[in-house]
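Peer 1: for reference, the sequence and a predicted model appear below.
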Amino acid sequence: MTPTFKDLQLTEVGGRDSGGVLQSSAIDLGGNLEDVRLLDAYEGDYHDNNDHNVGKSREGLEKGGVTRIQVRITGMTCAACSNSVEGALMSLDGVVSASVALLQNKADVVFYPNLIKEDDIKNAIEDAGFEAEILQEQSTPRPKSHGYVVGQFIIGGMTCAACVNSVEGILRKLPGVKRAIVALSTSLGEVEYDPSIISKDEIVSAIEDAGFEASLAQSSGQDRIMLGVTGISNHLDEKMLDEILCNMKGVRQFNFNKTSSQLDVLFDTEVLGARALVDAIHEESSGNFEVHVKNPYARMVSQNLEESSHMLHLFRFSLSLGIPIFVMRFLCPHIPILNSILLMRCGPFQIGDWLRLILVSLVQFVIGKRFYVAAFRALRNGSTNMDVLVALGTSAAYFYSVYALIYGAFTGYWPRTYFETSPMLLTFVLFGKYLETLAKGKTSDAIKKLVELAPPTALLLIQDKGGNVIEEREIDALLIQPGDVLKIVPGSKVPVDGFVISGSSYVNESMVTGESAPVLKETNSLVIGGTINLHGSLHVQATKIGSDTVLSQIISLVETAQMSKAPIQKFADFVASIFVPTVVTLSLTTFMVWFFSGVLGAYPEDWLPPNGNNFDFALMFSISVVVVACPCALGLATPTAVMVATGVGANNGVLIKGGDALERAQKIRYVIFDKTGTLTQNRAAVTTVKVFTEMDRGEFLTLVASAEANSEHPIAKAIVEYARHFHFFEDPNVIKSPKNESNTSTNTEWLLDTSDFCATPGKGIEADINQKQILVGNRSMLVEKGVNISTDIEKFLVGLEENAKTGILVAYDYELIGVVGVADPLKREAAIVVEGLFKMGVRSIMVTGDNWRTAKAVANEAGIQDVRAEVMPAGKADVIRSFQKDGSTVAMVGDGINDSPALAAADVGMAIGAGTDIAIEAADYVLMKNNLEDVITAIDLSRKTFARIRLNYVFAMAYNFIAIPVSAGVLFPWLRIMLPPWVAGACMALSSVSVVCSSLLLRRYKKPRLTTVLEITVE
């Protein structure tokens, strides 16, 4: 079934894409998903010369000073043609951008009409040797973007870091593309682009025109859905599906792949929902067609398996043809009967020569086709890669052997042939590629495990208008919509985020939050998708679905981190850019040295192989140099290690936002801790109440609680809770049951009415009760308000503060009436974590807005020597900068909104997972388990990861430094060591596999335990 388009009565507000298909804002799923910023970690990392054209294009479009036209071009046959047209257009003065789509035979040109005319553009294309026709004129600029969207593309055909650099360079040249990140280890590319300037299809076309395969995996604008359809067995079924979709309102475009039974549907989300689409197909087919949503992550896994399977097929095919060639070359000469048959003449050649020629030609041009195609793509784009080296090496051996046969047929002198070199070399290379794809697949196991946490289906409760359940229905979990009521039976997984509307049960959240103890869930309790319901049945209303769920955000975070490039990889990218030309130069030099040395008689003739001459003797050394060199090992050294490390971190409750953060963390010399909620348990409790007037204790607590009830501060909540217990239980230490908590928490009748409430950050609150002002805060606040603090009260405050308690002063009608002592217990692991960091060579500092005495008391308990107290939120960033002045790497660990400036200012920001969303957004690391132990884990994992990366680089570089000279014959004059080309190929193939396997050893990482952490020493 061909792609189908439907004409709809829609207002054209978005122009047309490169295929001429109407685009409407109704297709956009909305602002929620487009706000997903997968590439935020890379802001400012990639500024090159290409950004000038992109910025110029975007600026011109917004100002309305440019015109956009499309041109039909006839005569293009390959990507070289499209590059030629593009170059001709971009050379014109006044052209902002030009994008040529080879498959569509069209060019999209954005230009300044006051500098250049349409006829000039047409003439430039015709001067390049092609025919041109102006298709449409868009005199008005395209609408300004409502925001960038992020598309994730599966890119096939990349073999090394040079390919990655080539694709990234092409993507960043496209108008409307803000950033582009390509990861070799996952064959994925993430592109952030403005959909009003460039479409997803245009990005795919650009990648394909560059000689690679590309398809969209998923995007933040989810107007397209991939469905699996079962029940279609013949042409009539296909026609029925076609009719159903053509008559369905809201379907814009669809394409059914009969081979994979996949249905790709582009639909208007304002008219049609995904679940309605699936239900309609099922119902209109009378139940004959079963439809389910294809998970994009599952599709990626399937593609990895297909790639591995394809590599295995090519390897087996090459091996099956290579074995007979190997036998004829090395074994048959020792078997008289077989040797006599092979030596029989058939025309100008022997039978053995004919057999070798046929078998090797099949290997060289059928199996080796992929290397020729990839090498041609690379050279056409002005780059080089490993495929160029393989193609050069095998071609040299093959064509020299063919030449030797022809030469022997005409002259009677039969030089030595090397037909076995090509098939054995390709066989080993393909075997190495197969092992490499298997190993690279294992590096993404962390994402696979996270994806598997979400259940594939869910029980949807159908309710009538009165809220009564009339039906239970099992649906695909990917079709859940906000507001749906789901039934979670005991032992099943929660499919999406939501809140409990009925039922009571304990839920295991350890797989998401890391907390091992089951959590009680009752009415109005929040639940997280991917967690397991243990006992009772729950009815849950879905609130967050798709990419908005906590689990999806974790997956996105891990995936984005795995795609990121660590700064250390810039070294590998540089080496990869010059590696192949350098190796080819060395190969030619090797040939020239050995050949002319032989011609000049610099070495004896007995060094030559039987029936050999100086030319083929030098050629074998030259070929070995070409095929033994391996740029892939360098390109895989960093990304594979980063992938494994981020996955291992996620399994240990440490989410890492990128390779750059991972690299910085290994250099940490200072860790700055916030006090409240970070070093302490954030469970403030009232420990002391002292009334200095004749006021009743209960009346005093009522006054204070009435004022603090308007505040969200943890200390305010602790005071209100203490007062509530005092009035209702007479025992503030009574531990409430959840039922009692829900009942008493809403009882506010005992509180007094307040007015003119005002909170001053870092100081306290003030309000009016009974037309009198009440002040609740610290010393500075009361002094500013003119309240006198007597010597006795000051001594009482000092006593509290020296015992790590915060003294809260209360003044009513400008008279100090009492003090409330509040303590926040230190986390039990705080002291040992501080000591462990010291053993690792990391110095701990505490920064807090609390008073000096309390801060010093808490710091002494935690074992921290350096304290900065009475620091306002903005001042925390200044403290961090003071430690950064000498070039030291500083980490900040915090949990609250007031910590976000400091987290952003630090070289490495670590947010406690139980903290606020703003703090987590500003941080580089997220400690999911709210455990300070994970600070040590984060630093230790970073150090071990980069030790592994350095080892990978040392191995990759040492391999090339040793293997290339040996292949060039440096040791041959003394040790007679000559590396045959097929052995060199085996070494090259195994080198990249060994680097990947080295990175995979990080999967065995075990985080330091508290019982052994003090044994960690500076390496």
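Peer 2: That came through, no problem. Keep in mind that what you see is a predicted model, and the values were worked out from it rather than measured.

Peer 1: so which bits of the biggest helix by length in the chain are buried?
Peer 2: Across the chain, the longest stretch assigned as helix under DSSP state H is helix 933-967. Residues 933-946, 948-949, 951-953, 955-956, 959-960, 963-964, 966-967 are the ones in helix 933-967 that count as buried (16 or more other CB atoms under 10 Å). C-betas here are computed from N, CA, C, even on glycine.

Peer 1: state the mean pLDDT of that helix.
Peer 2: Helix 933-967 shows a mean pLDDT of 88.

Peer 1: which residue ranges form the strands in the stretch 751-900 of the chain?
Peer 2: Here the stretch 751-900 of the chain has its strands, by DSSP state E, counting those that start in this stretch, at 755-760, 764-769, 772-777, 806-812, 815-823, 843-847, 866-868, 889-894.

Peer 1: so of the ones you listed, which one's packed in deepest?
Peer 2: Across these, averaging neighbours per residue (mean count of other CB atoms under 10 Å) puts strand 889-894 on top, at a mean of 27.

Peer 1: tell me what the helix or strand following it is packed against?
Peer 2: Downstream of strand 889-894, the first helix or strand assigned by DSSP states H and E is helix 900-905. Applying 3 or more CB pairs under 8 Å, 6 or more residues apart in numbering; DSSP states H and E, we find helix 900-905 packed against helix 873-884, strand 889-894, strand 908-912, helix 917-922.

Peer 1: got the contact list for the longest one?
Peer 2: Just to be clear, that refers to helix 873-884. Residues outside helix 873-884 that contact it (CB atoms under 8 Å, 6 or more residues apart in numbering) are 670, 672, 674, 761-762, 845, 847, 849, 868, 871, 890, 892, 898-899, 901-902, 904-907.

Peer 1: narrow these to just the buried residues.
Peer 2: Using 16+ other CB under 10 Å, the buried ones in the contacts of helix 873-884 are 670, 672, 674, 762, 845, 847, 849, 868, 871, 890, 892, 898-899, 901-902, 904-907.

Peer 1: next SSE downstream of the longest helix of the chain?
Peer 2: helix 972-975.

Peer 1: average model confidence for that next one?
Peer 2: Helix 972-975 comes out at a mean pLDDT of 88.

Peer 1: and that helix, what other elements does it pack with?
Peer 2: Helix 972-975 packs on no helix or strand, going by 3+ CB pairs under 8 Å, 6+ apart.

Peer 1: pull out the buried residues from it.
Peer 2: Applying 16+ other CB under 10 Å to helix 972-975 flags Phe972 as buried.

Peer 1: again with stretch 202-214
Peer 2: 202-212, 214.

Peer 1: now distance to Leu425, secondary structure and pLDDT too, for those residues, in a markdown table please.
Peer 2: Formatted as a markdown table, the buried residues of stretch 202-214 follow (distance: CB to CB, whole Å; DSSP: H, G, I helix; E, B strand; the rest coil; pLDDT from 0 to 100):
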| residue | distance to Leu425 | secondary structure | pLDDT |
| --- | --- | --- | --- |
| Glu202 | 39 | helix | 87 |
| Ile203 | 36 | helix | 89 |
| Val204 | 34 | helix | 88 |
| Ser205 | 35 | helix | 88 |
| Ala206 | 34 | helix | 89 |
| Ile207 | 30 | helix | 89 |
| Glu208 | 29 | helix | 87 |
| Asp209 | 31 | helix | 85 |
| Ala210 | 27 | coil | 83 |
| Gly211 | 23 | coil | 83 |
| Phe212 | 24 | coil | 87 |
| Ala214 | 30 | strand | 86 |
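
Peer 1: could you export those as TSV, including distance to Phe267?
Peer 2: Formatted as TSV, the buried residues of stretch 202-214 follow (distance: CB to CB, whole Å):
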residue	distance to Phe267
Glu202	20
Ile203	21
Val204	19
Ser205	22
Ala206	25
Ile207	25
Glu208	25
Asp209	28
Ala210	30
Gly211	32
Phe212	29
Ala214	22
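
Peer 1: thinking again about what came up before, can the helices and strands packed on helix 900-905 go into a markdown table with extra columns for distance to Ala396?
Peer 2: Listed next are those as a markdown table, based on distance: least, CB to CB, whole Å:
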| stretch | distance to Ala396 |
| --- | --- |
| helix 873-884 | 55 |
| strand 889-894 | 50 |
| strand 908-912 | 50 |
| helix 917-922 | 55 |
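
Peer 1: what about Gly231, how many neighbours?
Peer 2: When neighbours are defined as other CB atoms under 10 Å, Gly231 has 15 of them.

Peer 1: quick check: closest non-adjacent residue to it.
Peer 2: Phe289 (4.5 Å; CB to CB, 6 or more residues apart in numbering).

Peer 1: next up, the contacts around the one you found.
Peer 2: 229-232, 237, 241, 281-282.

Peer 1: so how far is Phe256 from it?
Peer 2: 11 Å (CB to CB, to the nearest Å).

Peer 1: and what of Leu184?
Peer 2: 32 Å.

Peer 1: run through the bridge partners of Val822.
Peer 2: Per DSSP bridges, the residues bridged to Val822 are Val686, Thr806.

Peer 1: quick one: it and Lys805 touch, right?
Peer 2: Yes - in this structure Val822 lies within contact range of Lys805 using CB atoms under 8 Å: 6.5 Å.

Peer 1: shared neighbours of the two, which are they?
Peer 2: In contact with both Val822 and Lys805: Thr687, using CB under 8 Å, 6+ apart.

Peer 1: just the residues contacting stretch 815-822, thanks.
Peer 2: 684-693, 695, 700, 703-704, 715, 718-719, 782, 787-790, 793, 796-797, 800, 805-811.

Peer 1: type out the ChimeraX command that picks the buried ones from those.
Peer 2: Buried residues among the contacts of stretch 815-822 (16+ other CB under 10 Å), as a ChimeraX selection:
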select :684,685,686,687,688,689,690,691,692,700,703,704,715,718,719,782,787,793,796,797,800,805,806,807,808,809,810,811
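
Peer 1: hmm, Thr638 is touching Arg950, no?
Peer 2: No - between Thr638 and Arg950 there is no contact under CB under 8 Å: 10.0 Å.

Peer 1: now the residue nearest to Gly408 when sequence neighbours are not counted: how far from Pro973?
Peer 2: Of all residues beyond its chain neighbours, the one nearest Gly408 is Trp414 (3.7 Å), with distances taken as CB to CB, 6+ apart. In this view, Trp414 and Pro973 are 28 Å apart by CB to CB.

Peer 1: and Val871, by the same measure?
Peer 2: From Val871 to Pro973 the distance is 71 Å (CB to CB).

Peer 1: same check on Met928?
Peer 2: Applying CB to CB to Met928 and Pro973 gives a distance of 61 Å.

Peer 1: measure His713 to Val558 for me?
Peer 2: Counting by CB to CB, the gap from His713 to Val558 is 34 Å.

Peer 1: higher neighbour count, these two?
Peer 2: Neighbours were counted for His713 and for Val558 using other CB under 10 Å; Val558 has more, 23 against 15.

Peer 1: shouldn't the more buried one be in contact with Leu450?
Peer 2: Yes - under the criterion of CB under 8 Å, Val558 makes contact with Leu450 at 6.7 Å.

Peer 1: pull up the overlap in contacts between these two.
Peer 2: Joint contacts of Val558 and Leu450 (CB under 8 Å, 6+ apart) are Ala650.

Peer 1: how about the contacts made by Pro981?
Peer 2: 393, 397, 418, 421, 425, 620, 623-624, 627.

Peer 1: which of the residues in stretch 496-514 are buried?
Peer 2: 496-498, 500, 503-514.

Peer 1: pick out the most distant pair among the residues you listed.
Peer 2: Spanning the widest gap among the buried residues of stretch 496-514 are Gly503 and Gly514, at 25.0 Å by CB to CB.

Peer 1: let's see which of the contacts of Phe289 end up in strands.
Peer 2: Mapping those onto strands (DSSP state E) picks out 229-230.

Peer 1: pull out the buried members of the contacts of Phe289.
Peer 2: Applying 16+ other CB under 10 Å to the contacts of Phe289 flags 229, 232, 237, 241, 281-282 as buried.

Peer 1: what's the farthest-apart pair in these?
Peer 2: Asp237 and His282, at 13.6 Å, using CB to CB across the buried ones among the contacts of Phe289.
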